[in-house]
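Chemist: need a structure here:
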Amino acid sequence: MNDSFSEIDDIFHSKSLAIYGVSRKGGLGNILLQGFIDQEFPKMFIVNPRITESNVKIMGIPVFSDLKSIGEPVDLVICSTHPKFVRDIIVECGENGVKAVIIFSAGFGEKGEEGKNAEKELVKIARKYKMRLIGPNCMGLYCPSSKLSFFPALPTESGSLGLVSQSGSIANLMGFLAMLKGIYFSKAISFGNGIDLSFNDFLEYLGDDPTTKIIACYMEGVNDGRRFIDLVKKIEKPIIVWKAGATPAGSKAAHSHTGSICGNNKLWNNVFDQYGVIRVYNLEEMISMIQAFINPIPVRNCRVAILSGPGGPAVSSADACEMNNLKLAELTNETKLKLQELVPEFGSSISNPIDLSLQVQFDPMLEKNAYEIVGMDPNVDMMLIWLSMLNPRYKDLIKLQEKVYKPIALVSGIDVNVSRDSFGDNMKRFIQIRAKKVPKIIQNMNQKGISIHPNEHLAAKALYNIYQFYNKSKFDNI
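Modeler: So this is what the prediction gives:
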């Protein structure tokens, strides 16, 4: 571990914090404060120079007119004020021994040259007091184990996913969307303009963090491309990157968002391909790839077997596999004979893709037995299973995985988080799992190397990324 790791880790384990920008009228500062209240952070203070009377509380938290009045050390400060007040707040924090400041306030480098000069001055002040800055134009830090947060109602449960994002809104959305899929965070960072601690610093930190097993990133640009390459070469954890600014229009938007220079998209693709970084292009794809890498199963080949109840999706899944450089497995004669005895003669197929027909909706054992027969085939390295909807047969898949230990990607045509109440009474008998139970079910499946996707193209991409990840040179020892 290096000094930078210890410095950032100390911020993540702050024992006390103060928030500027909370008022009696409410506002963004109050929203940020509610996030810490939800996590039950142990020691919080509000600083508001306009409130000078004593013993005032807002949302149950004591208010002081300045940091010094608190009368005890404050490790971390959250700054959510108009940008014109930020400089003086940074000076006050430095004079009172604050270790780090998260600058939620926007209106700096992303607004032009004047804003960039203001950022340089903030960094100069921070250096003088040996204090670190996160932001500006960011949400800050989320860490369930140390009760840090950047928004209300985020989960209090810890997980293995580390997130580093230039965008605050993406970080927020990831927190809530991941929760619906049973995915929980070790740490999450929204760093905005990154005038001090920035993308590479947090990427390196998550690479060394023992509680983080997988790293997801929303990136618009980096200020040190060589260091980024050195880091992705060194880090052996799965790294999933949503690199925005892939087009001239996107690059222009990113520059006005966080002031980032995005760089050449083809060059980025070459770097990602060479060093095993998994690139995604939207939130849905990000969640799918994260699921696949919660507990990925190493493979040396990419021969996939497709099983589907509906016939059309079986064909589409074959297209998706070929588009993603997967090979359709040639089933052994023994497997074909067993399937022939099991699968209905009409409306089905025992070739790969294997069409089990609509009969699977009425014969649960057909589905269960087919999974086991195909999963045990030595010519099958991975499985793609297309379902109309998630059903109780997921328990059979979990049991099967203990025998076959192969990557399995499951497609649910109907969104797994959709409530049964959205359908009429005649359909409710088909949707047998209540939405509130789904996150825990998905969490259990992900831990067994089974991921769930909204369509066959994301399922196929997930399987190929697992194969590609374990066939880079740094994983030759598996």
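
Chemist: any idea of the pLDDT on residue 156?
Modeler: For residue 156, the model assigns a pLDDT of 97.

Chemist: who touches it in this structure?
Modeler: 38-40, 144, 147 (Cβ atoms under 8 Å, 6 or more residues apart in numbering). Heads up, the C-betas are built off the backbone N, CA and C, glycines and all.

Chemist: dump these into JSON lines; add secondary structure and distance to residue 373 as well.
Modeler: Formatted as JSON lines, the contacts of residue 156 follow (DSSP: H, G, I helix; E, B strand; the rest coil; distance: Cβ to Cβ, whole Å):
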{"residue": "38", "secondary structure": "helix", "distance to residue 373": "48"}
{"residue": "39", "secondary structure": "helix", "distance to residue 373": "48"}
{"residue": "40", "secondary structure": "coil", "distance to residue 373": "50"}
{"residue": "144", "secondary structure": "coil", "distance to residue 373": "42"}
{"residue": "147", "secondary structure": "coil", "distance to residue 373": "49"}
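
Chemist: which one of those residues is nearest to residue 405?
Modeler: residue 144 (30.2 Å; Cβ to Cβ).

Chemist: mind listing what the closest residue to residue 285 other than its chain neighbours touches?
Modeler: Nearest residue to residue 285 in three dimensions, chain neighbours excluded: residue 458, at 6.1 Å (Cβ to Cβ, 6 or more residues apart in numbering). Counting by Cβ under 8 Å, 6+ apart, residue 458 touches 284-285, 288.

Chemist: on that earlier part again, ok, of the contacts of residue 156, which come out buried?
Modeler: Buried positions within the contacts of residue 156, assessed by neighbour count (16 or more other Cβ atoms under 10 Å), are 38-39, 144, 147.

Chemist: relative to residue 280, how far out is the residue nearest to residue 285?
Modeler: 9 Å (Cβ to Cβ, to the nearest Å).

Chemist: repeat for residue 325
Modeler: 16 Å.

Chemist: same thing with residue 85?
Modeler: Distance, residue 85 to residue 280, using Cβ to Cβ: 38 Å.

Chemist: so residue 353 touches residue 316, yeah?
Modeler: No. At 9.3 Å, residue 353 does not count as touching residue 316 under the criterion of Cβ atoms under 8 Å.

Chemist: which one's more surrounded, the two?
Modeler: Set side by side, residue 353 and residue 316 show more neighbours around residue 353, with 22 against 19, by other Cβ atoms under 10 Å.

Chemist: pull the contacting residues for that one.
Modeler: Residue 353 makes contacts with 305-308, 314-315, 317-318, 328, as judged by Cβ under 8 Å, 6+ apart.

Chemist: excluding sequence neighbours, find me the nearest residue to it.
Modeler: Of all residues beyond its chain neighbours, the one nearest residue 353 is residue 306 (3.6 Å), with distances taken as Cβ to Cβ, 6+ apart.

Chemist: for the one you found, grab the count of nearby residues.
Modeler: 30.

Chemist: which SS state does it fall under?
Modeler: At residue 306, secondary structure determined by DSSP: H, G, I helix; E, B strand; the rest coil is strand.

Chemist: what about residue 389, neighbour count?
Modeler: Residue 389: 16 neighbours (other Cβ under 10 Å).

Chemist: surely it meets residue 417?
Modeler: No. The pair residue 389 / residue 417 is not scored as a contact, 11.3 Å apart, by Cβ under 8 Å.

Chemist: what does the one helix or strand residue 335 maps to contact?
Modeler: Residue 335 is part of helix 333-342 when elements are defined by DSSP states H and E. By Cβ under 8 Å, 6+ apart, the surrounding residues in contact with helix 333-342 are 331, 350, 354, 366, 369-370, 373-374, 376-377, 379.

Chemist: out of those, which sit inside strands?
Modeler: Judged by DSSP state E, the contacts of helix 333-342 include residue 354 as members of strands.

Chemist: among the contacts of helix 333-342, which ones are buried?
Modeler: Buried among the contacts of helix 333-342 by 16+ other Cβ under 10 Å: 331, 350, 354, 366, 369-370, 373-374, 376-377.

Chemist: and the least confident of the residues you listed?
Modeler: The lowest pLDDT within the buried ones among the contacts of helix 333-342 belongs to residue 350, with 74.

Chemist: you'd agree that residue is up against residue 343?
Modeler: Yes. Between residue 350 and residue 343 there is a contact at 5.7 Å, judged by Cβ under 8 Å.

Chemist: what helix or strand is the closest residue to residue 448 other than its chain neighbours located in?
Modeler: Nearest residue to residue 448, sequence neighbours excluded (Cβ to Cβ, 6+ apart): residue 401, at 4.6 Å. Per DSSP H and E: residue 401 is located in helix 394-404.

Chemist: now the element after that helix, going C-ward?
Modeler: Note on helix 394-404: by DSSP H and E, the next helix or strand toward the C-terminus is strand 408-412.

Chemist: what about the helices in the stretch 51-200 of the chain?
Modeler: 86-95, 113-128, 168-180, 199-208 (DSSP state H, counting those that start in this stretch).

Chemist: which residues are in contact with the first one?
Modeler: Read it as helix 86-95. Helix 86-95 has contacts (Cβ under 8 Å, 6+ apart) with 20, 66-67, 77, 79, 81, 101, 103, 105, 118, 121-122, 125-126, 128-129, 131, 133, 136.

Chemist: buried ones among those?
Modeler: Buried members of these, scored by 16+ other Cβ under 10 Å, are 20, 67, 77, 79, 81, 101, 103, 105, 118, 122, 125-126, 129, 131, 133, 136.

Chemist: farthest pair within the residues you listed?
Modeler: 67 and 118, at 21.3 Å, using Cβ to Cβ across the buried ones among the contacts of helix 86-95.

Chemist: for the stretch 201-350 of the chain, just list every one of the strands.
Modeler: 214-219, 239-243, 278-280, 303-308, 327-328 (DSSP state E, counting those that start in this stretch).

Chemist: got the contact list for the third one?
Modeler: Pointing back at strand 278-280 there. 238-243, 268-269, 272, 286, 288-289, 293, 465, 469.

Chemist: for those residues, which one is nearest residue 4?
Modeler: residue 239 (18.2 Å).

Chemist: low pLDDT regions in the chain?
Modeler: Scanning the chain for pLDDT under 70 picks out the ranges 1-2, 246-263, 344-349, 357-363, 419-432, 473-478.

Chemist: returning to what we had before: farthest-separated two in the buried ones among the contacts of residue 156?
Modeler: Across the buried ones among the contacts of residue 156 (Cβ to Cβ), the longest gap, 10.6 Å, separates 38 and 144.

Chemist: verify the stated contact: residue 196 with residue 133.
Modeler: Yes. Between residue 196 and residue 133 there is a contact at 3.8 Å, judged by Cβ under 8 Å.

Chemist: buried ones in stretch 229-239, by neighbour count?
Modeler: Buried, per 16+ other Cβ under 10 Å, within stretch 229-239: 231-232, 235, 238-239.

Chemist: restricting to C-alpha, output that stretch in CSV.
Modeler: Output in CSV follows, covering the C-alpha atoms of stretch 229-239 (Å, rounded to 0.1, in the frame of the first residue of the first chain):
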residue,chain,number,x,y,z
ILE,A,229,-2.5,2.6,-18.7
ASP,A,230,0.0,1.6,-16.0
LEU,A,231,-2.8,1.1,-13.5
VAL,A,232,-5.0,-1.0,-15.8
LYS,A,233,-2.0,-3.1,-16.6
LYS,A,234,-1.3,-3.6,-12.9
ILE,A,235,-4.8,-4.1,-11.4
GLU,A,236,-6.0,-7.7,-11.7
LYS,A,237,-9.6,-7.0,-10.7
PRO,A,238,-12.3,-6.7,-13.4
ILE,A,239,-12.5,-3.1,-14.6
